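Trainee: Dropping the sequence and predicted coords here.
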Amino acid sequence: MINRPRRLRTSPAMRGMVSEHSVEARQLILPAFVADGISEPRPIGSMPSVVQHTMDTIKRTAVECAEAGLAGIMLFGVPKDEDKDANGSQALDENGILNRAIRAVRQEVGDSLLVMSDVCLDEFTDHGHCGVVNPDGVVNNDLTVLLYAEMARMHAECGVHVVGPSGMMDGQVLAIREALDDADHPEVAIMAYGAKYASAFYGPFREAVGSSLQGDRKTYQQDPANVRESLREVFLDIEQGADIVMVKPALPYLDVLRVVRDSVDVPVAAYNVSGEYSMVEAAAANGWLDRDRTIDESLLAIRRAGADITLTYWALEWAQRHRR
Ligand code: PBG
């Protein structure tokens with residue numbers, strides 16, 4: 001007698017019954033950009049169908065996310081070029097674009113959607129680095145962490161549910177946790193970008209936020225060659241108070257995602273980044289890939305590798321396409 005695994009693949013009902021993993025809207029987060037000083041949404045050339053939102057369209061998009069059953073929206077602010085400076089000071093202006101967007105979106109959605117924010121300075125600095133740069137060109141860790149803590153406190157005042165420190169500075173999670181607690185915001189959760197690699201896949205994001213970065217982020221983001229280092233990073237973040245840890249990018253780092261999922265007892269998020277999005281969109285636009293099937297398979301693969309939560313630019317359309 002030969003073994004016949006094909007018996008379990010004979011019909012949709014049979015395949016459905018034995019399916020081991022599935023993507024669900026409740027675990028997806030939409031990363032979204034909101035720009036200062038624009039009256040119409042501005043397309044991002046390298047990310048077809050993704051835009052820089054106006055205050056109006058970000059509010060509408062957040063409502064759609066809630067209606068589609070998504071977990072949350074991760075907000076990134078895009079200031080005007082003339083408002084950028086060496087310290088990224090607009091990040092700490094209560095009327096800065098990101099602080100305004102958090103207030104507006106939270107007011108619009110209440111608790112029907114998790115409002116999340118990027119806690120990082122690269123969108124706000126004129127040199128494009130994630131922190132304050134010393135005269136010798138090195139990003140100053142401890143000074144930057146102080147600014148992140150203040151930024152997170154402001155986001156909490158604006159009504160954010162979850163902060164996402166993405167700058168990869170040492171000690172950033174502890175500083176943010178203490179600042180949130182001191183400001184009487186123990187309820188605000190930290191989704192820490194624990195294992196964040198210095199990746200070429202962030203290319204289109206730099207256009208999305210109008211970043212002016214020269215050089216690279218290799219002195220603070222991780223070397224793509226390393227796996228053990230990710231465990232060290234996520235354990236440090238958990239010790240410092242991270243509620244959720246993230247692996248980023250997602251598809252080129254599924255092995256890292258699996259190792260992290262098997263090693264920690266907090267929820268693990270994966271960020272399906274801009275370059276992963278753009279590759280599929282570009283190939284699909286050329287007729288080289290079946291777009292929807294490729295998207296579905298990509299998100300399923302991230303889930304299978306161990307992501308409890310996935311940030312993806314396809315979150316809203318995925319949820320709308322699979323609405324039950
Ligand atoms: C830093 C940040 C980046 C991304 C998210 N947060 C850029 C970087 O580290 O260079 C990239 C996300 C993406 O590529 O989709 N604020």
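Mentor: Sure thing, it's come through.

Trainee: For the lowest-mean-pLDDT helix or strand in the chain, output the C-alpha coordinates as CSV.
Mentor: For the chain, counting by mean pLDDT, DSSP states H and E, helix 203-208 ranks last in confidence among helices and strands (a mean of 92). C-alpha atoms of helix 203-208 as CSV (Å, rounded to 0.1, in the frame of the first residue of the first chain):
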residue,chain,number,x,y,z
GLY,A,203,14.3,51.9,0.0
PRO,A,204,10.8,53.0,-1.0
PHE,A,205,10.0,54.0,2.6
ARG,A,206,12.7,56.7,2.3
GLU,A,207,10.7,58.2,-0.6
ALA,A,208,7.5,57.7,1.3
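
Trainee: Quick check: buried residues in that helix?
Mentor: Neighbour counts over helix 203-208 (16 or more other Cβ atoms under 10 Å) mark 204-205, 208 as buried. In this view, the C-beta of every residue, glycine as well, is placed from N, C-alpha and C.

Trainee: what mean pLDDT would you report for the longest helix belonging to the chain?
Mentor: Ranked by residue count, the top helix of the chain under DSSP state H comes out as helix 141-157. Averaged across helix 141-157, pLDDT comes to 98.

Trainee: repeat for stretch 288-303
Mentor: When pLDDT is averaged over stretch 288-303, the result is 98.

Trainee: ok so Val115 is a strand residue?
Mentor: Yes: assessed by DSSP: H, G, I helix; E, B strand; the rest coil, Val115 belongs to a strand.

Trainee: Quick check: bridge partners of it?
Mentor: Ile73 (DSSP bridges).

Trainee: Neighbours of it, how many?
Mentor: Using other Cβ atoms under 10 Å, Val115 has 26 neighbouring residues.

Trainee: for the one 5 residues further on, same thing?
Mentor: The tally of other residues near Cys120 (other Cβ under 10 Å) stands at 27.

Trainee: which residue packs closest to Gly159, ignoring adjacent ones?
Mentor: Once flanking residues are discounted, Gly159 sits nearest to Arg106: 3.4 Å by Cβ to Cβ, 6 or more residues apart in numbering.

Trainee: could you list every residue that touches the closest residue to Ser39 other than its chain neighbours?
Mentor: Spatial nearest neighbour of Ser39, chain neighbours left out: Thr54 (6.4 Å); criterion: Cβ to Cβ, 6+ apart. By Cβ atoms under 8 Å, 6 or more residues apart in numbering, the contact list for Thr54 reads 34-35, 38-41.

Trainee: separation between Thr54 and Leu254?
Mentor: 36 Å (Cβ to Cβ, to the nearest Å).

Trainee: Mind checking which of the contacts of Thr54 are buried?
Mentor: 34-35, 38, 41.

Trainee: Show only the entries of these found in strands.
Mentor: Of these, the ones assigned to strands by DSSP state E are 34-35.
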